[in-house]
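Peer 1: what follows is a predicted structure for the sequence shown.
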Amino acid sequence: MDEKQPMIKRRKAWNELGHSHFLTFSTCRRQPYLADDRICEILAERINRACAELNFAVLAYVFMPDHVHLLVHPLEETYSVSKLLQAIKQGPSRIAKNRGWIDTELWEPGGGFDRNIFSPKVRKNTIDYIHLNPVRKELVGESWSYFWSSAKWYHTGEEGVVSCRHFGVLFE
Ligand code: NI
């Protein structure tokens with residue numbers, strides 16, 4: 001997360017066709033729970049499933065050890081970001097606790113942040129921002145060598161753990 005990035009609390013955001021949503025949510029007390037690949041795998045699977053069921057496309061994502069950035073685009077006029085977040089977050093938390101991988105909740109209480117994105121330029125900048133997270137934290141030298149992100153897919157076309165889509169019209 002970058003405090004300089006202006007964000008709107010989720011309850012103040014609104015749903016509107018044509019907007020992408022830049023979602024950010026953190027682990028409980030910013031514990032590095034997502035350094036555990038087992039939890040990341042479950043999270044990726046839940047994102048794929050929730051987006052398919054609720055008709056969202058993922059434009060970009062990164063799983064950092066203590067937070068997640070997800071840029072999604074609703075494919076239907078009526079949609080609920082809070083339902084999407086619930087569908088994404090509940091399962092991994094329950095499973096990680098049941099299996100004894102973590103001893104608190106997985107996620108920080110509250111919805112995190114949801115920023116509406118209107119313009120192609122901001123959408124593109126947001127994708128770059130997401131992909132550069134692991135570089136800024138010096139986890140990797142190049143964004144596309146980070147496993148838990150869509151940077152590699154953007155760079156090489158090789159499918160990552162979360163299925164992403166590109167819509168040219170959103171960037172024109
Ligand atoms: Ni971040």
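Peer 2: Perfect, thanks for sending it.
Peer 1: and the residue in the chain sticking out farthest from the centre, helix, strand or coil?
Peer 2: The centre of the chain is farthest from one residue, residue 100, which by CA atoms, centre = their mean lies 24.3 Å away. Under DSSP: H, G, I helix; E, B strand; the rest coil, residue 100 falls in the coil class.
Peer 1: for the residue nearest the centre of the chain, pull up the helix or strand it's in.
Peer 2: Closest residue to the average C-alpha location of the chain: residue 70 at 2.1 Å, with CA atoms, centre = their mean. According to DSSP states H and E, residue 70 maps onto strand 67-74.
Peer 1: how many neighbouring residues does residue 76 have?
Peer 2: Using other CB atoms under 10 Å, residue 76 is surrounded by 9 other residues. The way it works is simple: take the backbone N, C-alpha and C, and place the C-beta from them, glycine included.
Peer 1: one more: residue 149?
Peer 2: Neighbours around residue 149, by other CB under 10 Å: 27.
Peer 1: wouldn't it be in contact with residue 137 here?
Peer 2: No: contact criterion CB atoms under 8 Å: residue 149 and residue 137 do not qualify, at 11.8 Å.
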